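Sequence first, then the predicted structure, then my questions.
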Amino acid sequence: MEQEVGLIGFGEAGSTFARAGDWAAAAHVFDIQTDDATARDAMLAAYAEAGVLPARLLEDALDGVSLVLSLVTADQALAVAQAAAALIVPGTLYCDLNSVAPQTKQAAAQAIEAAGGHYVDVAVMAPVDPARLNVPLLLSGTRAGDAEARLRALGFGKTRVVGADVGRASSIKMIRSVMVKGIEALTAECVLAAAQADVLDEVLASLDASEKARPWDERADYNLDRMLVHGTRRAAEMEEVVRTLEGLGTGAAMTRGTVARQRAIGGLGVKAPPEGLGAKIGVISAPAPLLNPASRE
């Protein structure tokens, strides 16, 4: 079968997309975890379960490929693009779906474009699970329209081109994250303090009285769940948001606090949070140093 997709990264997003589509058998996948002796067997088993073709080296995943999807951790996005630039064939569409600052994507684009490839900035605008291939994607770059057609052919159902400039799609995502991840961090700060003062019910009732769209006990429960499971990854993304805001010159004081709170809660390593807001507060409140994120740095 002709190889159609080079998939770099097989974490939550990469594995979810591959399993959801009918193109897994046409995808050659490389994940850095295969270089780790302690993680290799588990990663190879995940490849086999998804039906993708394992690539032992990055060059194997990119050999002859006309479409590349990069889905790695935020701190590796630029390094991966630079490494891929030395391996891709001219004309390759390189879709960077990583959650990084526009400056990072622009630097990655320089490397890909210099090698004759076409770089497309893709912003993933919602959790990939349970949306899977229906997750909203924003695309920008001179070849964003071509990339949109290729992504739709893979089954992605909610794509939208937002401009020709690399960095536009990621700017929308990064700046939106100031609010989305910031609300999560503020929620944690609010409910932890309210529980400590034994006024949690009153505080939540007061918030409910001012906004009826969703009860705040449900919202707080959901936000803490997201931070416990994904806080470390979200903190890395929020570091990129700090870069975005500093690049704009508007300041990032609140966002720096969000980084600290997300990292502190994610660092607890609770991958299966308990049910209910009170139980989650108990898990987070147990280590006293967590109440002051700065003390963990």
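Alright, I've got the coordinates.

Spatially central residue for this structure, please.
Centroid-nearest residue in the chain: Ser99, 4.9 Å away (criterion: CA atoms, centre = their mean).

pretty sure Asp60 contacts Ile8?
No: using CB atoms under 8 Å, Asp60 is not in contact with Ile8; the gap is 11.3 Å. Quick note: C-beta positions are derived from backbone N, CA and C, even for glycine.

so what's the residue nearest to Thr187 when sequence neighbours are not counted up against?
Once flanking residues are discounted, Thr187 sits nearest to Asn223: 4.3 Å by CB to CB, 6 or more residues apart in numbering. Counting by CB atoms under 8 Å, 6 or more residues apart in numbering, Asn223 makes contact with Ile183, Glu184, Thr187, Ala188.

Which of the helices or strands spans Val229?
Using DSSP states H and E, Val229 falls within helix 216-248.

average pLDDT for that helix?
Computed over helix 216-248, the mean pLDDT rounds to 92.

chain center to that helix: distance?
Centroid separation between helix 216-248 and its chain, computed with CA atoms, centre = their mean, to the nearest Å, is 10 Å.

which element follows it toward the C-terminus?
helix 253-266.

helices and strands around that next one, which ones?
Applying 3 or more CB pairs under 8 Å, 6 or more residues apart in numbering; DSSP states H and E, we find helix 253-266 packed against helix 168-196, helix 216-248.

helix/strand/coil for the residue in the chain sticking out farthest from the centre?
Most distant residue from the mean C-alpha position of the chain: Asp198, 35.2 Å away (CA atoms, centre = their mean). At Asp198 the chain is in coil, as set by DSSP: H, G, I helix; E, B strand; the rest coil.

And it, how close does it get to Ile281?
For Asp198, the distance to Ile281 equals 12 Å [CB to CB, to the nearest Å].

which residues are common contacts for the two?
Contacts common to Asp198 and Ile281, judged by CB under 8 Å, 6+ apart, are absent.

packing partners for the host helix or strand of Ala42?
Taking DSSP H and E as the definition, one finds Ala42 inside helix 40-50. Packing partners of helix 40-50 (3+ CB pairs under 8 Å, 6+ apart): helix 12-20, strand 53-54.
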